[in-house]
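S.K.: quick one, structure for this:
(3 chains)
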Amino acid sequence: MRLALDLFTIVAVTLGAIFFLAGTVGLLRFPDTLTRLHALTKADNLGLGLVVLGLLPQATAPLGWIGLIAVWLLALLSGATVGQLLAEAVRPPEWDQTRTPDAPPVGHPNAPEASSHD
Amino acid sequence: MTSALVVDAALVLLVLGLALWITAARAAYGAAVGFVAYGLLLTLVWVRLAAVDVAMTEAALGSGLTGLLLLGAAARLAPYEADEHRRRPGTVLRVLVGVLCAAIAAGLAAVVLLLPDPAPSQALAVAAHLPATGLGNPVTGVLMAYRAVDTLLESVVLVPALIGVWSLSTEMGWGGRPGFLTPCRSGSALPLLARVLPPFGILVGIHLVWAGADDPGGKFQGAAVLAAMWILVMVAGLREPPPVSDRLMRFLLVVGPLCFIGIGAAGIRLAGAFLAYPEAYAKPLILAIEAGLTISVTAVLGLLLAGPPVPEPQYQRQSRRRS
Amino acid sequence: MTTFLLGAAAFILGTVTLGLVRILRGPGNADRMLAAQLLGTGGVAALLLLGVATGVGAVSEVGLLLALLAAFGSVAFVTGGGRSSDASAADTRGAARSEPE
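M.R.: Below you'll find the predicted structure:
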């Protein structure tokens, strides 16, 4: 049982670390601010989420579990808000006229990605 | 052991490199953003140095309030920045400043290198007498019992700092609401965060104050978190900052220092010295001071960031800009 | 297990600090903010791993504090005039443009 839990921790934490690596590579290699934002939110949500999931079997008391999950929920909330705020901040002013609530602006394939993936 | 050394060396290099970039960066706004990342790195450094109390202060102040203060200031200074760059000081002055800075750095390095080994320390004496205070966290014990005068002055100095900020207000603005935090003009994300986050933040802040007696944490860390939550609510435009003429708010600003001075003065009669606690009541008295100081420090930090008061018409114009 | 958790913490920290190259390169201040944000999340993950590995609960609490205040940098960024000062500098010309390396 202990071995299975340890294996679970190793797999989940490794996956989480890979998401952090992917997020960093995306931040460095993606071509513009909105796609970089997209890479960042993956590391925020999935990377930290998998690390927290992997740590759960290692945490001692139920209080430790609550703390870990609270950290992840706070990170989710912050990540969602940060995605919205930064996307709003870097959106060029001309999109304000062209954008309607449902249709993404013409010629900007990244726009729906950046504003909805948070 | 060696792998820990590699991590520490990498952290040191990163901190130094980022500090150099921040100092050399031309645009103040970019440098302020770099400073936010620098604060995060410093938090990790303090954790590696096993100074968790300081790491908590750095996390609460560095990532919360300092960023807001510096970015706000940099944005206000941006229009004058180009002018400032054109009036660069001459070569002689720059060399002189460089030599002075190098001399200060060399002096600091000499002081650290010339310290006797082992360094003079009162740590063992403090650890031996800590049970008398009823506290489990030696940092809180030192701050509230052995260095209580320092802590008292540190908490009192916040009030003149706020008066200094308020004195920047114009004649017309006096008595109005602080106008530095212009509510954000973004859509729905920020008000949502400002509604959901504060309950958690208030819980964590009070927890830090309460746990500070026995575990890392304390009034300054807790108050910084509480102030950050208050500022978030003000920035999102959910609540206006109180006018500086508000009597209740002015009372809250000084209640902590008054409580500290009052208990300290009572110590002259009850325990024989200013700021001495009668041993049987040491812990409850320290907790009372911490509670009072938490309220005052929260109010002062929040109002420091809210800035000097502005006339009412100007405040309303800024508020309307949010939409 | 402790060694693995500490190694994972060092790996994540090393990875996200590589992202700090974005602070040097920009091009916009928003990109710099993204790097700071990633460093914050990576720092939280590293602190949680460190806290569980060493059994020091207070280290995890620093992580909780960082997660709680994680959004503040970006809140400061947008309220501090991020949009007005950055809209021209930010790189939003679409995926078609390739990064000069």
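
S.K.: low-scoring pLDDT stretches of chain C, where are they?
M.R.: For chain C, the stretches with pLDDT under 70 are C:80-101.

S.K.: okay, helices next: where are they in it?
M.R.: Applying DSSP state H to chain C gives helices spanning C:2-18, C:21-25, C:29-54, C:57-68, C:72-77, C:83-86.

S.K.: closest to B:Gly30 out of the ones you listed?
M.R.: The minimum distance between B:Gly30 and the helices of chain C falls on helix C:29-54, with 5.2 Å, by CB to CB. (Each C-beta comes from the backbone N, C-alpha and C, glycine too.)

S.K.: buried set for that closest one?
M.R.: C:29-53 (16 or more other CB atoms under 10 Å in any protein chain shown).

S.K.: now the angle from it to helix C:2-18?
M.R.: Angle, helix C:29-54 to helix C:2-18, by axes from the mean of the first three to the mean of the last three CA atoms, to 10 degrees: 170 degrees.

S.K.: is helix C:29-54 positioned near chain A?
M.R.: Yes - using CB under 8 Å from any CB of the partner chain, a contact is recorded between helix C:29-54 and chain A, made by C:30-31, C:33-35, C:37-38, C:41-42, C:44-45, C:48-49, C:52.

S.K.: distance from that helix to the middle of the chain?
M.R.: 5 Å (CA atoms, centre = their mean, to the nearest Å).

S.K.: now do it and helix C:57-68, the angle between them.
M.R.: Going by the same axes, to 10 degrees, helix C:29-54 makes 160 degrees with helix C:57-68.

S.K.: quick one: residues contacting B:Thr294.
M.R.: Taking CB atoms under 8 Å, 6 or more residues apart in numbering or on different chains as the criterion, B:Thr294 is in contact with B:209, B:219, B:222-223, B:226, B:256.

S.K.: skipping its backbone neighbours, what lies nearest the residue in chain A that chain B sits nearest to in space?
M.R.: Closest residue of chain A to chain B, CB to the nearest CB: A:Gln84 (3.5 Å). Counting by CB to CB, 6 or more residues apart in numbering or on different chains, the nearest residue to A:Gln84 once its immediate chain neighbours are dropped is B:Ala189, at 3.5 Å.

S.K.: list the buried residues in the host helix or strand of B:Tyr80.
M.R.: Secondary-structure element containing B:Tyr80, defined by DSSP states H and E: helix B:67-86. For helix B:67-86, burial by neighbour count (16+ other CB under 10 Å) applies to B:67-75, B:78.

S.K.: could I get the residues you listed as TSV with pLDDT and distance to C:Ala70?
M.R.: Below are the buried residues of helix B:67-86 laid out as TSV (pLDDT from 0 to 100; distance: CB to CB, whole Å):
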residue	pLDDT	distance to C:Ala70
B:Gly67	82	11
B:Leu68	83	14
B:Leu69	84	18
B:Leu70	85	18
B:Leu71	83	16
B:Gly72	81	19
B:Ala73	82	22
B:Ala74	83	21
B:Ala75	80	21
B:Ala78	78	26
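
S.K.: which of the residues of helix C:29-54 next to chain A come close to chain B?
M.R.: C:33, C:35.

S.K.: which one of the residues of helix C:29-54 next to chain A is nearest B:Leu124?
M.R.: C:Val52 (31.4 Å).
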